[in-house]
Structures are given as C-alpha cells and as structure tokens.
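Asks: I would like the atomic coordinates for the input below:
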Amino acid sequence: MQALASLIHLDKPAKQALYLQIATQISELIRTGILLPAQRLPSSRQLAELLHLNRRTVVLAYDELLAQGWLQSKTGNGTFVASHIPRFQPDAGDKIGTGKSQNINAGFAFKTPDFLNRPVLRIHSPYHLDDGFPDVRIAPLEELSRAYRTQLMTGNIYEKLGYGDTRGSHWLRHELSDYLNQTRGLHTTLDNILIVRGTMMGLHLASTALIEPGNYVAVGESGWSGATINFQQAGAHFLKIPVDSYGIDVDELEKQCQQHTIRMVYITSHHHYPTTVALRADRRVKLLQLAGQYGFIIFEDDYDYDFHYQSKPLLPLAGADRAGMVLYCGSFTKTISPAFRVGYLVGPADVITCFSKLRRMIDRQGDTILENAIAELLQNGIIQRHLRKSLRTYRQRRDLFCSLLKDKLDDYLEFEVPDGGMAVWTRFDKNIDLVKVASQALRKGLYFADGSLFDIPGTSQAATRLGFASSNPDELEHSVAILEQLIKFKS
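Replies: Model prediction:
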C-alpha cells in the first residue's frame, strides 16, 4: 500500500482535479506493468489516509478507473486491477506518472521537410516597415462589426449557423462575381468562385489537385516562399525564370517550354513579389499565348490589385483569358486586415467544383457569418469607399516614405518609387550587413525583414521590402530615423 502511495505524486495547485490525477497515474502504472492484472489495490479509505486526502477523492478516482475498465470490484473482497488487462512489460525509458515524455517526443517516426521551416511572422515592435500590410486602424471595423452582428442575430439562425456550401457563402460569391467583373474585367458567375481562407489555401488546393510529383512549375526569381513551399509539397520541380523591370522574362519562359513540359506558371503579374514591378502589356499577351500553345496553367496571385497609384490598375490576365488557362486568386487581407481570413479563387466552373470537393477534406467550410458580413459591405459599397480612402492615404505615405529614404539615406540604398503596392523594394549597399542592421533595429523598436528570404541561392542581394502602408507619417519618420542612425552614423 505504501509502495503504491509513493508512486502517486499529486499537484494540488494544478487545474486538473485530484481524483483525475490519481486515476491517470494508476492507469499509467498498470500500462507500464508496475501494477499487474488481478493485483489487489488498497481500499479507498487506506489510500486516502496514505495520500492525506478525503476518502471521497479516492472513491471518485476508483470509480473513474472502474468505468474505463482498468479496475474491477469484487463485492466484499476489494478492488483489483482488471484480470483481462494484458500483462505489460515495464519500459525502462518510461517516466512513470509524469505524463510528460509523450508530450515532447512522439513515439513514431516522421519527417519535417526543410522547406516547411519558415519563421512565423509576429510583429510586436512599435515601429514596422513590414512586408506590405494594411493599416488596420483605418479599416471599416465598425461597419464590419455591425454587419457581423446583424448576420449573427437575424434571419434563419439554423441555416446560418449550420453547415453551408463548401464553395462558400452564396451571397458573397454573388457579390464578388459582380465586383470582380466590374473592377477587373472578369467574366464570372458565382459558379466560378470558391471562397478560401486566403491565397495560401488557394495555392494549396491548386497544387494538390493539379500538380503531380515530377511536374515542372515555373516561378519568378526571386519570388514568394509561400507559393514555392506548396509546389514543393506537391513534389514539383522548379524552373526559375528571371524577372527584370518589366516583369517575368517570357522569352526565357518560352525557351523553357521548348525543353520541358511545364504544368503551371505562378505569377504576381500586377506587382511582382517582392520587387513590385508590373508585367508589361506585351509580355501579358505573350504569356497567355504561351499558355494556349504549351498547355500550362497560369496561377495569377493578385495580392494587392486595389492599390495602384499612377493610373488605373492593370487588368488581370484572367480578364483576357479565353482558353480557361488562368486561375485567379485574391483576398481581403490587404483590404481590411490579415486577421480576417477570407479570400477567393476564380477559375472554370468544373475546376472550382473539384477544388470545393478537395477543400472539404481539410476545411468543411469557412466562416459563413463573416463571409455574409463582407458580402453586405460589398453590396452597400462600404468596402469600395474604404478602398478609395485608403488608396489616397497609402499614396501619401508612399510619397513621404520615398522622400525620407531619398533625403536621409540616398548614399546607402537605391529604389524605384513603386507604381503600386504597399512596400518599396529597397537595395542596400553591398557593404551593409542587412541581417545585422535588422537585428539592431529590432532592439530599438523597429521591425523590417532582413532580406534573407529574398536572396537567390548562392547570392546575397542585400535587398528587402520596406512596407509603408501600415505606418502613419510620424511612425514613418521615426522608422527612417532609426535606419539613418544605424546605417549612416555607423558606416
């Protein structure tokens, strides 16, 4: 009895009830062969005295173990380890009663591919020149909150709060179809639209459904790692296509088509990621021609279409696609906030149906209430008004930020004022250790990416994206002042 009591270690301040602690540890002693089948246990009164507990606590523990089948009770004779329990061989590596070893290391083998080891970005610093995020302080949060509450509290609650269409809210797909047709020159119905959590989900669905191991996928060099990891997971081979000031080099792409059977081309045609350059009109025409000629799919990631400052945004490739070769993907991440995971994948209806079936395997449906709330904002023109307001705001911030970089750090970096987007592709002097500067800046309260993710293998570009949209004028001035202090006065 004393031996059993000595093996039970209780943590009274813990949130888990004491009787569950006792039950868990006794079952672990049985599992590891310390307590044997048909072995008699102390009475509840005896064990309670040894553990300095109320008898009721031990009774509850025994009742739990009896219900689970670990113990059996013989009237008038006591409580025993169940005789039907197989005899376990003790494992010297087991940490009896701790319940911690299995929470750290799995007992089975598995592999984590190196390409999945990407840092999860969480910015807590007061100042940030990020990847090109929106300023959530100017987002229509009050209007969205009211719309969300309306959707949550009115109408057919059974229908709204139950299972819905795996393709997404019917209302949002209808509103998006009208919106995309009007603003982007697309030719869609709601059957051409799948609501997704964001571009990453769209890429995952497309790469899983359409790419087989060994297929070739062409991407710009450099590009977005979020896209490449999806293609790697699908087992694709990469063809890196150079990108210049006019976008991806379609002549080089044509040469690769003559040598390889390319399954998909991933492109950010409006503002190439990370350099922000737009794909020139003649290259757009040729890219569509090559898709028709060689039969490859174009995945067009239009992550910040609405923010173009020089003129009207360039219409997507999808609007000029007459052969059904383009999949078009966007989201409300840059429009409202990264926290609201609502995006859209546009394509031929039969492909969208396929994707919706695949999506059901990993995510039965999205947030129907949020999707309907966004549909209401689209229908009422609130998102459209917000975009016009934020476009003016971000243009002013772009102009101020580029002016600050020019005035304060002209001798140490170079850039082109972007025609659109929410970040400036900035190339630093090769003598500047960008990784070190980014680390020093973070200690001073300024976050920016050190550029290592954008390096072409075997080279160091000393270049990074400096986002301006999420910072107000005072914050931009303070951020540049920190950069100036670290670069100008320490070089």
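
Asks: for stretch 42-55, what is the average pLDDT?
Replies: Mean pLDDT, computed over stretch 42-55, is 90.

Asks: now swap in stretch 367-381 and tell me
Replies: What stretch 367-381 shows for mean pLDDT is 91.

Asks: and it, how far from the chain's centre?
Replies: Computed by Cα atoms, centre = their mean, to the nearest Å, the chain-centroid distance of stretch 367-381 equals 22 Å.

Asks: repeat for stretch 372-385
Replies: The answer for stretch 372-385 is 24 Å, by Cα atoms, centre = their mean.

Asks: also stretch 149-156?
Replies: Its chain's average C-alpha position is 29 Å from that of stretch 149-156, according to Cα atoms, centre = their mean.

Asks: average pLDDT for that stretch, rounded please.
Replies: Averaging pLDDT along stretch 149-156 yields 84.

Asks: can you give me the buried ones in that stretch?
Replies: By 16 or more other Cβ atoms under 10 Å, the buried positions in stretch 149-156 come out as Q151. In this view, the C-beta of every residue, glycine as well, is placed from N, C-alpha and C.

Asks: same question for stretch 377-395.
Replies: 377-379, 382-383, 386-387, 390-391, 394-395.

Asks: any idea how far N192 is from G324?
Replies: 10 Å (Cβ to Cβ, to the nearest Å).

Asks: these two: which is more packed in?
Replies: Taking other Cβ atoms under 10 Å, G324 and N192 do not tie; N192 has more neighbours (23 against 14).

Asks: ok, the closest residue to I297 other than its chain neighbours - contacts?
Replies: Sequence neighbours aside, M264 is the residue nearest to I297 in space, at 4.4 Å (criterion: Cβ to Cβ, 6 or more residues apart in numbering). When contacts are counted by Cβ atoms under 8 Å, 6 or more residues apart in numbering, M264 touches 206-207, 210-211, 215, 217-218, 231, 236, 296-299.

Asks: which residues does M264 bridge with?
Replies: With DSSP bridges applied, M264 shows beta-bridge pairing to V217, I297.

Asks: separation between it and T112?
Replies: According to Cβ to Cβ, M264 and T112 sit 25 Å apart.

Asks: where does the chain have its least confident helix or strand?
Replies: One helix or strand of the chain scores below all others by mean pLDDT, DSSP states H and E: helix 101-104, with a mean of 69.

Asks: next, count neighbours for D450.
Replies: For D450, using other Cβ under 10 Å, the count is 18.

Asks: that one contacts L466, doesn't it?
Replies: No. The pair D450 / L466 is not scored as a contact, 11.6 Å apart, by Cβ atoms under 8 Å.

Asks: just for this structure, where's the confidence low?
Replies: 1, 88-102, 457-459, 490-491 (pLDDT under 70).

Asks: which helix is the longest one in it?
Replies: In the chain, assigned by DSSP state H, the helix with the most residues is helix 382-409.

Asks: what's that one packed up against?
Replies: helix 368-379, strand 413-415, strand 423-428, helix 473-487 (3 or more Cβ pairs under 8 Å, 6 or more residues apart in numbering; DSSP states H and E).

Asks: A23: which of these is closest?
Replies: Across the helices and strands packed on helix 382-409, the minimum distance to A23, taken as Cβ to Cβ, is reached by helix 368-379, at 39.9 Å.

Asks: for that closest one, packing partners?
Replies: helix 141-153, helix 157-160, helix 170-184, helix 382-409.

Asks: quick one: it to helix 141-153, angle?
Replies: Relative orientation of helix 368-379 and helix 141-153, computed by axes from the mean of the first three to the mean of the last three Cα atoms, to 10 degrees: 130 degrees.

Asks: use 205 as the first number from now on
Replies: Okay, residue one is now 205; in that scheme the one you just asked about reads as helix 572-583.

Asks: kindly export helix 572-583 (C-alpha atoms) in PDB.
Replies: In PDB, the C-alpha atoms belonging to helix 572-583 read as follows (Å, rounded to 0.1, in the frame of the first residue of the first chain):
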ATOM      1  CA  THR A 572     -20.300  31.800 -43.100                       C
ATOM      2  CA  ILE A 573     -21.200  34.700 -40.800                       C
ATOM      3  CA  LEU A 574     -18.000  36.600 -41.700                       C
ATOM      4  CA  GLU A 575     -18.400  35.900 -45.400                       C
ATOM      5  CA  ASN A 576     -22.000  37.200 -45.300                       C
ATOM      6  CA  ALA A 577     -20.900  40.300 -43.400                       C
ATOM      7  CA  ILE A 578     -18.300  41.100 -46.100                       C
ATOM      8  CA  ALA A 579     -20.900  40.500 -48.700                       C
ATOM      9  CA  GLU A 580     -23.100  43.100 -47.000                       C
ATOM     10  CA  LEU A 581     -20.200  45.600 -47.000                       C
ATOM     11  CA  LEU A 582     -19.700  44.900 -50.700                       C
ATOM     12  CA  GLN A 583     -23.400  45.300 -51.500                       C
END
